[in-house]
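[1] task: produce atomic coordinates for the following.
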Amino acid sequence: MIIFSQGSGVNDSLFGKSQAPIRAVIEQNVEAFGELSMIDKIFYMDKSHSYAEKYTSETSLGDFVDVGENGAYPKTGMQEGYSVVIEPTTWKSSFEVTAEMVEDSKVGKIKSRANIFATSYNRTREKFAANLIYGGTGEKISFAGKEYSTLSADGKPLFSKEHTSITGGCDVQSNIFKNAFSVSVMDAMQEAMQKFTDDDGNLLNVAPDTIIIPNSGALKRAVFEAVGSDLDPNSNNNAVNFQMGLWNVLVWNYLPSTIGGKPYFMMLDSRFNKDYMCMPWVDRLALTTRSDIDQNTDANVWRGRARFGAGFNNWRSIAVCGEGITDGTVLLG
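    Numbering: from 1, shown residues only. Model prediction:
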């Protein structure tokens, strides 16, 4: 949803008839881009009515106990895990429609500026989201001159081989791996994620169902061959490929092509991500535009403002693997 407002007298001015077409162009552009966006396919989408939102996790409840006939209920409980606070920030931009454009009936140019404005809003969100995920191998990213944390709630980078337990109930765990893509590596990475545990060492039934890759031709071919054939593409005897039909492959154009100069891929459990609010994207204020007349230039100024933010709570929904990763767990070899 986009919120539109305008200053008094705009409709009665030279620019009155241009208001509705500009609104329509912005709405259509944002809606069309939203259908192609990867943000809601990768992040846990949340809406906020506060200046910030706190996200946390809990350890699993202990196992049921055989207490025998008329036995007492065992005392088991859950403990709150690590937590993170995400504060949406304010993002702004603007564009102008000059009096001369309207006087000379430059309708195409007016619509073009509205399209460019809407595309800029969509692109900014997508670039910010992609850079945040990609930067998860480190502690922070720099985006548009500002720094943003890429730490998960445990204080480690989103992708780390040193994720710790708040209870001490399990060894450190890794969701960053060093290997070139292959069917065997994909099998091993899937197995590693399925073995993720909570802080007390209980299996969480993580089941990755999504592969995320940058727009790399060779990597796309390799991935789709691995998951799109009912026979093993690397087997001379055409063994059955059990990966067939298990995956949703997302090609994200806004992701950088390589890590350390080499291709990489990510695996995501989309259900676990949503159930455990692992990677929250927080929308505090939808795109809000205001139309005014600049008394100094006589131009119609359109200003856009939104508040959103994102971060990482629970690292267990996602993992990354690439040959160029320097500090990752080696899956094979």
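[2] ok so Glu31 is a helix residue?
    Yes. Applying DSSP: H, G, I helix; E, B strand; the rest coil, one finds Glu31 inside a helix.
[3] count of residues packed around it?
    By the criterion of other CB atoms under 10 Å, Glu31 has 13 neighbours. (Glycine included, C-beta is placed from N, CA and C.)
[4] swap in Thr119?
    By other CB under 10 Å, 15 other residues sit near Thr119.
[5] what sits closest to it if chain neighbours are left out?
    Excluding the flanking residues, the one nearest Thr119 by CB to CB, 6 or more residues apart in numbering is Asn29, at 6.2 Å.
[6] which residues does that neighbour contact?
    By CB atoms under 8 Å, 6 or more residues apart in numbering, Asn29 lies in contact with Ala114, Asn115, Ala118, Thr119, Asn122.
[7] in ChimeraX, how would I select the buried members of those?
    The buried subset of the contacts of Asn29, as determined by 16 or more other CB atoms under 10 Å, is captured in ChimeraX by this line:
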select :114,118,122
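[8] which ones among the contacts of Asn29 are found in helices?
    Ala114, Asn115, Ala118, Thr119, Asn122 (DSSP state H).
[9] I figured the fourth one hits Val30, correct?
    In this case it means Thr119. No. At 9.0 Å, Thr119 does not count as touching Val30 under the criterion of CB atoms under 8 Å.
[10] what does the helix or strand of the chain with the lowest mean pLDDT rub up against?
    Lowest on mean pLDDT, DSSP states H and E among the helices and strands of the chain sits strand 3-6, with a mean of 82. With contacts defined as CB under 8 Å, 6+ apart, strand 3-6 is touched by Gln19, Arg23, Ala286, Leu287, Thr288, Thr289, Arg290, Ser291, Asp292.
[11] neighbours around the residue nearest to the second one when sequence neighbours are not counted, how many?
    Taking CB to CB, 6+ apart as the measure, Arg23 lies nearest to Phe4, with 5.5 Å between them; neighbours along the chain are not counted. Using other CB under 10 Å, Phe4 has 16 other residues around it.
[12] one more: Arg316?
    22.
[13] what of Tyr264?
    Neighbours around Tyr264, by other CB under 10 Å: 29.
[14] what's the local residue count around the nearest residue to it once chain neighbours are set aside?
    Take Tyr264 and drop its neighbours on the chain: the residue closest to it by CB to CB, 6+ apart is Gly322, 2.9 Å away. Number of residues near Gly322 (other CB under 10 Å) recorded here: 24.
[15] wait, Gly322 sits on Pro263?
    Yes. The criterion here is CB under 8 Å, and Gly322 meets it with Pro263 at 6.4 Å.
[16] shared neighbours of those two, which are they?
    Contacts common to Gly322 and Pro263, judged by CB under 8 Å, 6+ apart, are Ala180.
[17] wait, isn't Leu250 in contact with Pro214?
    No. Shown here, Leu250 and Pro214 do not form a contact pair, counting by CB under 8 Å, at 10.3 Å.
[18] so which of the two has more stuff around it?
    Pro214 (21 against 16).
[19] separation between Asn202 and Gly169?
    8 Å (CB to CB, to the nearest Å).
[20] so what sits against both of the two?
    Shared contacts of Asn202 and Gly169 (CB under 8 Å, 6+ apart): Thr59.
[21] which residues does Thr89 bridge with?
    For Thr89, the beta-bridge partners are Phe308 (DSSP bridges).
[22] only alpha carbons, please: show stretch 217-224 as CSV.
    Extracted as CSV, the C-alpha positions of stretch 217-224 are listed here (Å, rounded to 0.1, in the frame of the first residue of the first chain):
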residue,chain,number,x,y,z
GLY,A,217,25.0,-18.4,-16.2
ALA,A,218,27.3,-21.3,-15.4
LEU,A,219,26.0,-21.6,-11.8
LYS,A,220,22.4,-21.5,-12.9
ARG,A,221,23.0,-24.3,-15.4
ALA,A,222,24.7,-26.4,-12.7
VAL,A,223,22.0,-25.9,-10.1
PHE,A,224,19.1,-26.5,-12.5
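[23] so how far is stretch 252-271 off the chain centroid?
    Centroid separation between stretch 252-271 and its chain, computed with CA atoms, centre = their mean, to the nearest Å, is 12 Å.
[24] sorry, back to before: including distance to Tyr134 and pLDDT, could the ones in helices among the contacts of Asn29 go into JSON lines?
    Shown next, in JSON lines, are the ones in helices among the contacts of Asn29 (distance: CB to CB, whole Å; pLDDT from 0 to 100):
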{"residue": "Ala114", "distance to Tyr134": "30", "pLDDT": "95"}
{"residue": "Asn115", "distance to Tyr134": "27", "pLDDT": "95"}
{"residue": "Ala118", "distance to Tyr134": "25", "pLDDT": "96"}
{"residue": "Thr119", "distance to Tyr134": "21", "pLDDT": "96"}
{"residue": "Asn122", "distance to Tyr134": "18", "pLDDT": "96"}
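[25] pLDDT of stretch 15-31, averaged?
    Within the predicted structure, the mean pLDDT of stretch 15-31 is 90.
[26] I am finished for the moment; much appreciated.
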